[in-house]
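S.K.: model the structure of this input:
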Amino acid sequence: MSNPVDDGKRLFNPSRLKLARIRRKLTLKELAEQMGLSSRIVIEYEKAYCLYEPTPETVQAYARALRYPESFFFGDDVEAIDPLTVSFRSLRTTKAADQHAAIGAGALGVMLSEYFSTRFTLPQPELPNLRGSESEIAAQAVREAWGIGKKSITNVVHLLEKHGVKVFWLSEETASIDAFSFWKDDVPYIFLNTRKSGERSRFDAAHELAHLVLHRHGDVKGQDAEREADAFASAFLMPPENVMAVKMTFPTFDKIVQLKSLWKVSAMALIVRMRNLNMLTEWQYNSLMRDATAKGYRTGEPGGIERERSLIIEKMMTALAGNGIHLTQLSEELNVPLDELSSLLYGVAAISGGNSGTSTSLSRASLRLV
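M.R.: Model prediction:
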C-alpha cells in the first residue's frame, strides 16, 4: 500500500471498486486470486475508510482483472441503489451474485441517465401513486391518466418513456432476472432482460410499472406483490372489455395464437387472462395450457414479435453522434467499459458506433416522443 496523498489529485474510490467487482460477479477472494494479492489487502481497498491509496501497479491489476478502465476507479461516488427498493421476481432461484450484479447495472444506469439529463430536456415522470389500489382498478387508472383508453398499446417502452420512466436493458447471462425496477430521487427506472421474447419483455415492462405505481413506498418483495404486479400487467395490456368482446364458443390453441397479436402478448398470458375473466372453463384452460406446452410456448414464443427498443435513447445517441460523440467516446467520457454501455443501451450500437472526434459542445436539446 502507498501512503495517503493530499496533493489535489483525485483519490481512489473504494465504492467504485466494489461496483466493478460485483458487475463482474467476483467475490473478494476470487478477485484477490486473479490479482495475485492477499484477500486482506483487497478487502482493505474496498473499505470506505481505507487510509491508503493503492499503488499504480495495483490499480493496473484491478483494471485488468475487472476489465474496467483505470480512470473509473477515481471518479465521484456512484449513486448507490438500496436493494430493499428493487423488485426481483424470482428471488428463490436467483443467485445473490446475479442480484448484486443487476443492482450494480442499476447504478450504472442512473449514472448514464444523469449524463443524458444534463444534455437533453426529457419527459418528466407522470406516474400516479396508486399504493393500496386493487390491480385491475390501478391498471385502468393508469390508462386513463395517460389517455390510452381501451386501445391496444403499440409499444410499451415508448409509452413508459413518454411518461418519464427511464428504461435500460440487461444482457446478463441468467434468465432468472426477468426485469427489475426502482425509484431513485423521484425518478422511476426499469431494466429489462434482453434474453426474453418480445411479448414477455412487454409483460415484464408492464409488471415493473405495477411495482412503480403500486409499491413505491412499500415492500416490493414477496409473492403478494408479485401477484399484484402480474394482475396489473395483464389488465394493463389486455383491457377486460376488449378481451371479453372476443367471441370464442370453442376455444382452440390456434385461435389463441391468432388473437394474441391484437395485444402483442404471449399465448400463455392471453390464456391466463381469459381464465381470470371467466371466459374459459377449468377444463378448457388446462387443455389450452397442455397444447401450449406441447408446442413450446411455455419456454418461448415461436414466431413472436421483435423486442421493443428505446426511442428516446435512439434520438439522444443520434444527436450525440452528430456532435462527434459515439458510443466509444461516451465510454471514454464516462470511464465506463464499452460492453456495459452496449448492454444498457440495447440496440443503439449501430447508431453510435464510430470513431470521430470527441467534441462535447452539444447544447441542451428538447426531445419529445411522437
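S.K.: which stretches of this protein aren't confidently modelled?
M.R.: Applying pLDDT under 70 to the chain flags residues 1-9, 50-51, 89-93, 172-176, 217-221, 347, 349-370.
S.K.: okay, now the domains of it?
M.R.: When the chain is parsed into structural domains using automatic domain parsing, the resulting residue ranges are 14-77, 78-237+309-370, 245-294.
S.K.: just so I know, which of those lies nearest G303?
M.R.: Taking CB to CB as the criterion, domain 245-294 is the member of the domains of the chain that comes nearest to G303, at 8.3 Å. Quick note: C-beta positions are derived from backbone N, CA and C, even for glycine.
S.K.: thinking again about what came up before, redo the domains of the chain as a markdown table? Include distance to G303 and mean neighbour count.
M.R.: Formatted as a markdown table, the entries for the domains of the chain read as follows, by distance: least, CB to CB, whole Å; neighbours: other CB atoms under 10 Å:
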| stretch | distance to G303 | mean neighbour count |
| --- | --- | --- |
| domain 14-77 | 34 | 16 |
| domain 78-237+309-370 | 10 | 18 |
| domain 245-294 | 8 | 16 |
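S.K.: partners of the residue nearest the centre of the chain in the sheet?
M.R.: Centroid-nearest residue in the chain: F191, 0.6 Å away (criterion: CA atoms, centre = their mean). Listed by DSSP bridges, the beta-bridge partners for F191 are F168, F180.
S.K.: that one contacts G104, correct?
M.R.: No. Distance between F191 and G104: 11.1 Å, which falls outside the contact criterion (CB atoms under 8 Å).
S.K.: for the residue nearest to W146 when sequence neighbours are not counted, what are its contacts?
M.R.: Nearest residue to W146, sequence neighbours excluded (CB to CB, 6 or more residues apart in numbering): H163, at 6.0 Å. The neighbourhood of H163, defined by CB atoms under 8 Å, 6 or more residues apart in numbering, consists of 123, 125-127, 146.
S.K.: in the stretch 51-200 of the chain, which spans are strands?
M.R.: Across the stretch 51-200 of the chain, reading from the start of the chain, the strands by DSSP state E, counting those that start in this stretch fall at 120-121, 166-170, 179-184, 187-193.
S.K.: turn these into JSON lines, including distance to E33.
M.R.: Below are the strands of the stretch 51-200 of the chain laid out as JSON lines (distance: least, CB to CB, whole Å):
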{"stretch": "strand 120-121", "distance to E33": "43"}
{"stretch": "strand 166-170", "distance to E33": "27"}
{"stretch": "strand 179-184", "distance to E33": "30"}
{"stretch": "strand 187-193", "distance to E33": "30"}
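S.K.: A210 is nearest to which of those strands?
M.R.: Counting by CB to CB, A210 lies closest to strand 179-184 out of the strands of the stretch 51-200 of the chain; the figure is 9.0 Å.
S.K.: that older thread, show me the contacts for the residue nearest to the centre of the chain.
M.R.: Here F191 is in contact with 102, 105-106, 109, 167-170, 179-181 (CB under 8 Å, 6+ apart).
S.K.: quick one: which of these is nearest V142?
M.R.: Among the contacts of F191, and counting by CB to CB, the member closest to V142 is S181, at 14.3 Å.
S.K.: what helix or strand does the residue lying closest to the closest one once chain neighbours are set aside sit in?
M.R.: Distances taken as CB to CB, 6+ apart place E208 nearest to S181, at 3.8 Å, with adjacent residues excluded. The secondary structure element spanning E208 is helix 198-214 (assigned by DSSP states H and E).
S.K.: dump that helix to PDB, restricted to CA.
M.R.: Listed in PDB are the C-alpha atoms of helix 198-214, where the atom choice follows Å, rounded to 0.1, in the frame of the first residue of the first chain:
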ATOM      1  CA  GLY A 198     -40.700  -9.500 -27.400                       C
ATOM      2  CA  GLU A 199     -44.000 -10.500 -25.900                       C
ATOM      3  CA  ARG A 200     -42.600 -11.400 -22.500                       C
ATOM      4  CA  SER A 201     -40.500  -8.300 -22.400                       C
ATOM      5  CA  ARG A 202     -43.600  -6.200 -22.900                       C
ATOM      6  CA  PHE A 203     -45.300  -8.100 -20.000                       C
ATOM      7  CA  ASP A 204     -42.200  -7.600 -17.900                       C
ATOM      8  CA  ALA A 205     -42.200  -3.800 -18.500                       C
ATOM      9  CA  ALA A 206     -45.900  -3.600 -17.500                       C
ATOM     10  CA  HIS A 207     -45.200  -5.800 -14.400                       C
ATOM     11  CA  GLU A 208     -42.400  -3.400 -13.400                       C
ATOM     12  CA  LEU A 209     -44.700  -0.400 -14.000                       C
ATOM     13  CA  ALA A 210     -47.000  -2.000 -11.500                       C
ATOM     14  CA  HIS A 211     -44.300  -2.100  -8.800                       C
ATOM     15  CA  LEU A 212     -43.600   1.600  -9.500                       C
ATOM     16  CA  VAL A 213     -47.200   2.700  -9.000                       C
ATOM     17  CA  LEU A 214     -48.400   0.200  -6.500                       C
END
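S.K.: just the CA atoms of the following helix or strand past that helix, as PDB, please.
M.R.: Beyond helix 198-214 in the direction of the C-terminus, DSSP H and E gives the next helix or strand as helix 223-237. The C-alpha coordinates for helix 223-237 follow below in PDB (Å, rounded to 0.1, in the frame of the first residue of the first chain):
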ATOM      1  CA  GLN A 223     -45.400 -13.300  -3.600                       C
ATOM      2  CA  ASP A 224     -48.300 -11.000  -2.800                       C
ATOM      3  CA  ALA A 225     -46.500  -8.100  -4.500                       C
ATOM      4  CA  GLU A 226     -45.600 -10.300  -7.500                       C
ATOM      5  CA  ARG A 227     -49.200 -11.500  -7.900                       C
ATOM      6  CA  GLU A 228     -50.500  -7.900  -7.800                       C
ATOM      7  CA  ALA A 229     -47.900  -6.800 -10.400                       C
ATOM      8  CA  ASP A 230     -48.800  -9.800 -12.700                       C
ATOM      9  CA  ALA A 231     -52.500  -8.900 -12.400                       C
ATOM     10  CA  PHE A 232     -51.800  -5.300 -13.200                       C
ATOM     11  CA  ALA A 233     -49.700  -6.100 -16.200                       C
ATOM     12  CA  SER A 234     -52.400  -8.500 -17.500                       C
ATOM     13  CA  ALA A 235     -55.100  -5.800 -17.100                       C
ATOM     14  CA  PHE A 236     -52.900  -3.000 -18.500                       C
ATOM     15  CA  LEU A 237     -52.000  -4.900 -21.700                       C
END
